[in-house]
Structures are given as C-alpha cells and as structure tokens.
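**Student:** sequence below, structure please.
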Amino acid sequence: MGIFSRTRDIIAANVTDLLDKAEDPAKMIRMIILEMEETLVEVRASAARNIADQKEMRRHIDRLEKLQDSWMEKAQLALSKDREDLAKAALVERQKAADMAGQLKGEIGTLDDALRANEEDISKLQAKLREARARQNSIATRMESAQNRLRMREAYAGERVQDAFARFEMLERRVDLTEGRADAMGMGTQPKSLEEEIAELESNDKVEAELARLKAAQQQQKD
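**Tutor:** Presented below is the predicted three-dimensional model:
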C-alpha cells in the first residue's frame, strides 16, 4: 500500500514530518520518491490523453463545420428548385451538426481546464520530488558520516586497541625489570675515590689526544 492516496496528498505532504516519524528514514525517503515518480508518470499520462482527446475533437469539429457548409449548400439548392421541404430538412441536419460541434467545443474547454490542472500538478510534483531527492542526499550524507564515526569509535575502543595497549603494558613491564636488574647490579659497590676519578680523567685526555693525532694524520694523507 502506498504512502499517499492521490496526487493531492503528495502535494500537501510534509516530507520532513514523514521522515521524523519513520523508524528507517532512508527506506522511507526511497518509498516517497518512488511513489512521487510513479504519480508524476500517471499525471503526465493523463495530460497526454487529454491532449490527444482535444486533437481528435478538433478534427471532428472541422468535419462537422464542413458538414454544416454542405447542408447549407443542399438547402440552397433545394430552395432554388422550389423544394422548401427538402431545404428545411437540410437545415435541420445542418443544425444537428452545429449542435454537435458546439458540444465538442464545450468538451474541449473542459479538457483545457483539466490540462491546466495537469500542468499545475506536474509543476508541484516536480518541486516535491526535488525536495525529496535533496532530503535523500542529506540523509545519505548523514548516514555515511555516522557510519564513519562509528567505525572510528570501534577502532579506538575495539578489541584490537585493547590488545595493543595490553602488549604495551607487557613491554613496559619488561623494561622496568631490566632497569631493576641494572640498578640491582650497582648495589653494594664502592664509589670511586678522588684519585681514581682523576686518573680516569687523565686516561680520557690521553685517548682524546691520540684520536686527534690519528685524525690529523689521515687528513695529511688525503691532502
């Protein structure tokens, strides 16, 4: 069963209200657009039939007008031959054709009104359809954004992240143990005496002097 019953229901409908009440807005907007498109096709088909009917009626009116001229000529001929009875009968037939033509012209006027209503309905339906498609694009964009946010939250709060943090904690624990062992190895050792520290400085100076000498020798070889 459709959302709308007739064209007027679509024109009067508030798309926003329909979507606000829907459990699944994306599904609802697809249904709305589908029904609008089908109704638009029906209204255009009705307009096409009205146009075709008008054309057929105008052709019939043309034939009736020619028939009126023909009966008038026959009436004139009969009267010229002193056959007033035949002239009168011909005029009666002419009047019948004229009455029928007048009736068809009235029907064409009615179809004109229907066509104007069709044109107005088509214009309003197209506007509603544009509105619905714009809402569909908006819903699709919002849905994609929401899905992206959901994926990001799952990525940050999911099992993989929790496993990664658990592995980090294990590695930190290993580092703590290694540092603890290093600190434990230094426990109970005697600090260096002043003489030892000075001797170490002198040794370092000698190493630095020897390194400088080697660098200078290599530079001379390059030059």
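
**Student:** look up how far Q220 lies from V207.
**Tutor:** The gap separating V207 from Q220 is 21 Å, by Cβ to Cβ, to the nearest Å. Placement of C-beta: from N, CA and C, glycine included.

**Student:** what do you get for A101?
**Tutor:** From A101 to Q220 the distance is 125 Å (Cβ to Cβ).

**Student:** pretty sure A101 contacts I61?
**Tutor:** Yes: counting by Cβ atoms under 8 Å, I61 is a contact partner of A101 at 5.0 Å.

**Student:** which of the three states applies to S5?
**Tutor:** Under DSSP: H, G, I helix; E, B strand; the rest coil, S5 falls in the coil class.

**Student:** any idea how many residues pack against it?
**Tutor:** Neighbour count for S5, taken as other Cβ atoms under 10 Å: 9.

**Student:** next one: the one 3 residues further on
**Tutor:** Using other Cβ under 10 Å as the criterion, R8 is surrounded by 11 other residues.

**Student:** from I198, how far off is it?
**Tutor:** From R8 to I198 the distance is 106 Å (Cβ to Cβ).

**Student:** mean confidence for stretch 170-185?
**Tutor:** Mean pLDDT, computed over stretch 170-185, is 71.

**Student:** now do that stretch: distance to the chain's middle.
**Tutor:** 59 Å (Cα atoms, centre = their mean, to the nearest Å).

**Student:** check stretch 72-92 too.
**Tutor:** On Cα atoms, centre = their mean, the centre of stretch 72-92 falls 72 Å from the chain's centre.

**Student:** in that stretch, which residues are buried?
**Tutor:** Neighbour counts over stretch 72-92 (16 or more other Cβ atoms under 10 Å) mark 72, 74-75, 78, 87, 90-91 as buried.

**Student:** put the alpha carbons of it into PDB.
**Tutor:** Taking Å, rounded to 0.1, in the frame of the first residue of the first chain, the C-alpha atoms of stretch 72-92 are listed here in PDB:
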ATOM      1  CA  MET A  72     -26.400  24.700 -46.300                       C
ATOM      2  CA  GLU A  73     -25.500  24.300 -50.000                       C
ATOM      3  CA  LYS A  74     -28.000  21.500 -50.200                       C
ATOM      4  CA  ALA A  75     -30.700  23.700 -48.600                       C
ATOM      5  CA  GLN A  76     -30.000  26.500 -51.000                       C
ATOM      6  CA  LEU A  77     -30.100  24.100 -53.900                       C
ATOM      7  CA  ALA A  78     -33.500  22.600 -52.800                       C
ATOM      8  CA  LEU A  79     -34.900  26.100 -52.200                       C
ATOM      9  CA  SER A  80     -33.800  27.200 -55.700                       C
ATOM     10  CA  LYS A  81     -35.800  24.200 -57.100                       C
ATOM     11  CA  ASP A  82     -38.800  25.200 -55.000                       C
ATOM     12  CA  ARG A  83     -38.400  22.300 -52.700                       C
ATOM     13  CA  GLU A  84     -38.800  24.100 -49.400                       C
ATOM     14  CA  ASP A  85     -39.500  20.800 -47.600                       C
ATOM     15  CA  LEU A  86     -36.000  19.500 -48.700                       C
ATOM     16  CA  ALA A  87     -34.400  22.800 -47.800                       C
ATOM     17  CA  LYS A  88     -36.000  22.700 -44.400                       C
ATOM     18  CA  ALA A  89     -34.800  19.100 -43.800                       C
ATOM     19  CA  ALA A  90     -31.300  20.100 -44.900                       C
ATOM     20  CA  LEU A  91     -31.300  23.000 -42.400                       C
ATOM     21  CA  VAL A  92     -32.400  20.600 -39.700                       C
END
